[in-house]
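Novice: need coordinates for the following:
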Amino acid sequence: MDLNLLPLEIQEAHAAFPVALAACDELDALNRLKGAYTGREGSHAARLMDLLKTAPKEQKRDLGAVINGLKQAWEEGLKSRQAELEAARKQVAGLAAHWDAELPRPLPARGALHPLTRVMDRLVDVFRPLGYHVEEGPEVETEAHNFDGLNIPEDHPARGSADTFYLNAHPGLLLRTHTSPVQVRALKRLAPEITARGGIRFLAPGRVYRKDEIDPTHSPMFHQVEGMLVGHDIGLHHLKGTLAYAMKALFGPGAEVRFRPSYFPFVEPGCEMDVRCPLCGGAGCRVCKGSGWVEILGAGLVHPNVLAFAGIDPAEWSGFAFGMGVERMAMMLSQTPDLRLFFENDQRFLAAMGGLD
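Specialist: Just a heads-up that it's a prediction; the model follows:
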């Protein structure tokens with residue numbers, strides 16, 4: 001069955017089907033999953049039939065065979081799971097007749113930090129031995145802190161209403177699109193003390209917002225951890241050494257990283273860092289798209305305009321900055337195929353995430 005004939009969304013839905021099916025522990029949940037995959041309207045199967053109708057004539061035969069195979073796999077899986085759930089319900093009903101009413105009540109489940117919070121805490125713990133402290137800032141930001149102070153020009157696409165949530169009732173205010181405004185605020189606050197401190201280094205974890213459609217790898221609300229170091233004669237070798245150390249602390253001493261040139265308005269030069277895919281070991285898989293590498297963060301040397309905006313002399317001081325997505329990091333550490341699972345508050349999934357520590 002050649003799934004490459006199908007849209008990426010359907011391929012990802014098929015890959016997530018076994019996990020979603022196993023998570024159904026009651027018939028209501030199974031029926032919801034059945035509606036999402038094989039329902040008559042709005043389901044993946046319905047979209048496949050629409051795709052078949054509009055496909056070129058020469059592709060219809062092969063595409064139809066793939067679609068039939070996919071639907072059959074879903075229907076058989078649903079039917080098998082339904083039989084298991086019905087058998088389990090009968091067994092529970094039988095056991096209830098022999099229940100000992102004098103047994104002590106069950107203890108309530110113990111609470112725990114959310115997996116994303118634990119990943120952010122883990123990232124902070126990695127950098128604390130290097131002298132980094134945590135800075136925080138508001139989620140409702142000004143354009144000056146979110147864009148101007150980061151050397152993002154007026155005509156940059158990120159400033160458009162198609163990408164950014166602006167507050168209509170409060171012109172000039174928006175939901176921050178990254179945690180970089182915390183860097184601007186921290187630099188401005190600490191600039192008078194920078195000489196006495198001998199430099200600045202900190203992390204900025206938190207929630208950010210962008211107008212992204214919800215899918216297995218995107219969400220309009222997600223989390224970032226950004227870091228910055230400012231000192232004398234800071235270069236790319238300091239940045240690369242720091243990040244290589246952090247990735248080995250996160251993924252193990254055998255973690256391999258590589259750096260690629262890239263562009264971000266607030267750094268010059270800019271780069272992106274990839275880590276050898278921890279899921280396939282570099283052999284190639286769906287997560288790394290067959291390349292053996294996964295993009296993990298963006299970074300670079302702090303642009304002189306960013307330092308100057310904060311009142312720091314770029315002729316005397318230099319630095320580096322980096323930022324990474326917490327959800328992507330959590331997906332890699334836990335081998336989770338769909339970031340939406342982190343927001344659904346399914347207690348079974350959350351309990352299974354103990355390995356993130």
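Novice: what's around residue 202, how many residues?
Specialist: Other residues near residue 202 number 21, with proximity taken as other Cβ atoms under 10 Å. C-beta here means a position set from N, CA and C on the backbone, and glycine is covered the same way.
Novice: which element is the spatially closest residue to residue 250 that is not a sequence neighbour on?
Specialist: Counting by Cβ to Cβ, 6 or more residues apart in numbering, residue 250 lies nearest to residue 126, which is 6.3 Å off, once chain neighbours are set aside. Assigned by DSSP states H and E, residue 126 falls within helix 115-127.
Novice: hmm, residue 214 is touching residue 340, no?
Specialist: Yes: here residue 214 reaches residue 340: they are 6.7 Å apart, a contact under Cβ atoms under 8 Å.
Novice: which one's more surrounded, these two?
Specialist: Neighbour count, other Cβ under 10 Å: between residue 214 and residue 340, residue 340 has more, with 15 against 12.
Novice: re earlier: the helix holding residue 126 - contacts with which helices or strands?
Specialist: Counting contacts by 3 or more Cβ pairs under 8 Å, 6 or more residues apart in numbering; DSSP states H and E, helix 115-127 is packed against strand 200-209, strand 221-231, helix 236-251, helix 326-334.
Novice: in the chain, where's the longest helix?
Specialist: helix 57-96 (DSSP state H).
Novice: tell me how many other residues surround residue 188.
Specialist: Residues near residue 188, counting by other Cβ under 10 Å, number 15.
Novice: list the buried residues in the strand or helix carrying it.
Specialist: Here residue 188, judged by DSSP H and E, is contained in helix 180-190. By neighbour count on 16 or more other Cβ atoms under 10 Å, the buried set for helix 180-190 is 180, 181, 182, 183, 184, 185, 186, 187, 190.
Novice: show residues contacting stretch 307-322.
Specialist: Contact partners of stretch 307-322, identified using Cβ atoms under 8 Å, 6 or more residues apart in numbering, comprise 148-149, 151, 180, 183-184, 187-188, 191-192, 194, 199-200, 226-236, 238-239, 242-243, 266-267, 273, 297-302, 304-305.
Novice: and if you look at stretch 144-163?
Specialist: 137, 143, 164, 174, 176-178, 180-181, 183-185, 188, 210-211, 265-266, 303, 305-306, 309-310.
Novice: at 7 Å what do you get?
Specialist: 164, 174, 176-177, 180-181, 184-185, 210-211, 265-266, 303, 305-306, 309 (Cβ atoms under 7 Å, 6 or more residues apart in numbering).
Novice: what does stretch 220-236 contact?
Specialist: Residues from elsewhere that reach stretch 220-236 (Cβ under 7 Å, 6+ apart): 116, 120, 123, 127, 132, 178-180, 183, 194, 199-212, 214, 301-302, 312, 317-327.
Novice: mind doing that once more with 6 Å?
Specialist: 116, 120, 123, 178-180, 183, 199-201, 203-205, 207-209, 212, 317-327 (Cβ atoms under 6 Å, 6 or more residues apart in numbering).
Novice: buried subset of those residues, written for PyMOL?
Specialist: The PyMOL command for the buried members of the contacts of stretch 220-236 (criterion: 16+ other Cβ under 10 Å) is given here:
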select buried, resi 116+120+123+178+179+180+183+199+200+201+203+204+205+208+209+317+318+319+320+321+322+323+324+325+326+327
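Novice: picking that back up, can I get the helices and strands packed on helix 115-127 in a markdown table including distance to residue 66?
Specialist: Putting these into a markdown table (distance: least, Cβ to Cβ, whole Å) gives the following:
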| stretch | distance to residue 66 |
| --- | --- |
| strand 200-209 | 38 |
| strand 221-231 | 33 |
| helix 236-251 | 36 |
| helix 326-334 | 27 |
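Novice: so for residue 85, which of those sits nearest?
Specialist: Shortest distance between residue 85 and the helices and strands packed on helix 115-127, using Cβ to Cβ, is found for helix 326-334: 26.0 Å.
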